[in-house]
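Chemist: Provided below are the primary sequence and the corresponding predicted coordinates.
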Amino acid sequence: MGFASLRKDVVSNSKRSLAVAWGVDGGVLKACREAIDHNLVREVLVTGPADQIEAAAGEAGVNLEGFSIHYASSPEEGAAEAVRFIREGKSDLLMKGQLSTGTILRAVLHKEFGIRAQALLSHIAAVELPAGRLALLTDAAMNVKPDLAQKVAILDNAIQFAWSIGLTNPKAAVLASVETVNPQMQDTIDAACLAVMGRRGQFSRKALVDGPLAFDNAYSKEAAKQKGIESEVAGNADIFMVQELTAGNLLYKALSFVGGLSIAGVIYGAKCPIVLTSRADSAESKLNAIALALRSLGDE
């Protein structure tokens, strides 16, 4: 299953609604336009100043038919309003516009008016591998240096998300710089703990977890074979889990910009997935992120 197949699966859910927080970004509006035109969503609710939204749409050549604009005077207000649409059931999906990730997350995590669903939110990216299948990468944008308990939550989020997009019984590779346990390298110890937890069914959904695995042998069966690694996960991973944000961010950008692979990211752990894109992302990447988030919501 690649992104094209995933988008086809989502078309049946075209009654969905998308809320964009502070949507004064032409690239985001263009992706939303394509989501409507591809029958991924039926409407887009955009928060922000109408004149700025219309100006951004005009510069990007975006037709705003199917969009409704809801006034907000600041990014903070725009984020709070978009989150309110989710909380009140007026929209199904939340997307970040031209505001900081911290601003939208503060609205999502607000104790009284937020939409937190899980104990910990994490970033999950889907990557279309050269073989034409999707694999997940986590966490490349949220949790900086998670401890073991947080790593458990990050991996559990990824396993849940994998099931939600059709990757059943996912194989998860917990990455480290080496594939053996070294008492002086905490990441290898944590990876081994996560692997044991997987074998003992301690995650919320069934998954096959192995680690520590270096990226080469997690990705390539041949690399694993050359190092004498016997693992059902090696070369077959559906989930690549890094253990700190810098490694994840570097891997994410290397796969996208150097490897040229199609990639899309969301934040998972709220009442709905949050579509998280950057200005450097292509229009296709933004559309794929919308489709990815919608696919995880399942059938209406």
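Modeler: Received it, and whenever you're ready, just let me know what you need.
Chemist: rest of the way, CA atoms for contacts and neighbours
Modeler: Fine.
Chemist: check the separation of the first and last residues in stretch 218-228.
Modeler: End-to-end distance for stretch 218-228: 13 Å, by C-alpha to C-alpha, to the nearest Å.
Chemist: one more: stretch 224-244?
Modeler: Stretch 224-244 has its terminal residues 23 Å apart, counting by C-alpha to C-alpha.
Chemist: one more: stretch 34-47?
Modeler: The distance separating the two terminal residues of stretch 34-47, taken as C-alpha to C-alpha, comes to 18 Å.
Chemist: now the closest residue to residue 167 other than its chain neighbours: how far from residue 10?
Modeler: Sequence neighbours aside, residue 238 is the residue nearest to residue 167 in space, at 7.5 Å (criterion: C-alpha to C-alpha, 6 or more residues apart in numbering). The span separating residue 238 from residue 10 equals 20 Å under the rule C-alpha to C-alpha.
Chemist: if I look at the residue nearest to residue 167, how far off is residue 191?
Modeler: As for residue 238, its distance to residue 191 is 16 Å (criterion: C-alpha to C-alpha).
Chemist: how far off centre is the lengthiest helix in the chain?
Modeler: Taking residue count as the measure and DSSP state H as the definition, the longest helix of the chain comes out as helix 148-164. When distances are taken as C-alpha atoms, centre = their mean, to the nearest Å, helix 148-164 is centred 12 Å away from the chain's centroid.
Chemist: give me the contact list for the worst-scoring helix or strand of the chain on mean pLDDT.
Modeler: The helix or strand of the chain with the lowest confidence, counting by mean pLDDT, DSSP states H and E, is helix 3-10 at a mean of 86. With C-alpha atoms under 8 Å, 6 or more residues apart in numbering as the test, helix 3-10 has contacts from 40, 128, 134, 288, 291, 292, 294, 295.
Chemist: need the residues you listed in a markdown table (columns: neighbour count and pLDDT).
Modeler: Conversion of these to a markdown table gives the following (neighbours: other C-alpha atoms under 10 Å; pLDDT from 0 to 100):
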| residue | neighbour count | pLDDT |
| --- | --- | --- |
| 40 | 27 | 92 |
| 128 | 21 | 96 |
| 134 | 24 | 96 |
| 288 | 24 | 92 |
| 291 | 24 | 93 |
| 292 | 24 | 94 |
| 294 | 30 | 93 |
| 295 | 22 | 92 |
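Chemist: which ones among those are found in strands?
Modeler: Filtering these for membership in strands, criterion DSSP state E, returns 128, 134.
Chemist: for residue 19, helix, strand, or coil?
Modeler: Under the three-state scheme (DSSP: H, G, I helix; E, B strand; the rest coil), residue 19 adopts strand.
Chemist: who are the contact partners of it?
Modeler: Shown in contact with residue 19 (C-alpha under 8 Å, 6+ apart): 44, 45, 46, 47, 82, 85, 86, 91, 92, 93, 94, 95.
Chemist: cool, and residue 255?
Modeler: Under the criterion of C-alpha under 8 Å, 6+ apart, the contact list for residue 255 reads residue 261.
Chemist: distance of it from residue 282?
Modeler: According to C-alpha to C-alpha, residue 255 stands 14 Å off from residue 282.
Chemist: same question for residue 222.
Modeler: For residue 222 relative to residue 282 (C-alpha to C-alpha), the value is 32 Å.
Chemist: try residue 212
Modeler: From residue 212 across to residue 282, the span is 33 Å (C-alpha to C-alpha).
Chemist: go on, residue 62?
Modeler: Counting by C-alpha to C-alpha, the separation of residue 62 from residue 282 is 16 Å.
Chemist: these two: which is more packed in?
Modeler: Each of residue 62 and residue 282 had its neighbours counted (other C-alpha atoms under 10 Å), and the higher figure belongs to residue 62 (19 against 16).
Chemist: which residue, other than its chain neighbours, is closest to that one?
Modeler: Distances taken as C-alpha to C-alpha, 6+ apart put residue 30 closest to residue 62, at 5.9 Å, once the chain neighbours are dropped.
Chemist: ranges for the strands of the stretch 101-250 of the chain?
Modeler: Along the stretch 101-250 of the chain, the segments classed as strands by DSSP state E, counting those that start in this stretch run 122-128, 134-138, 171-175, 208-213, 239-241.
Chemist: sounds good, over and out.
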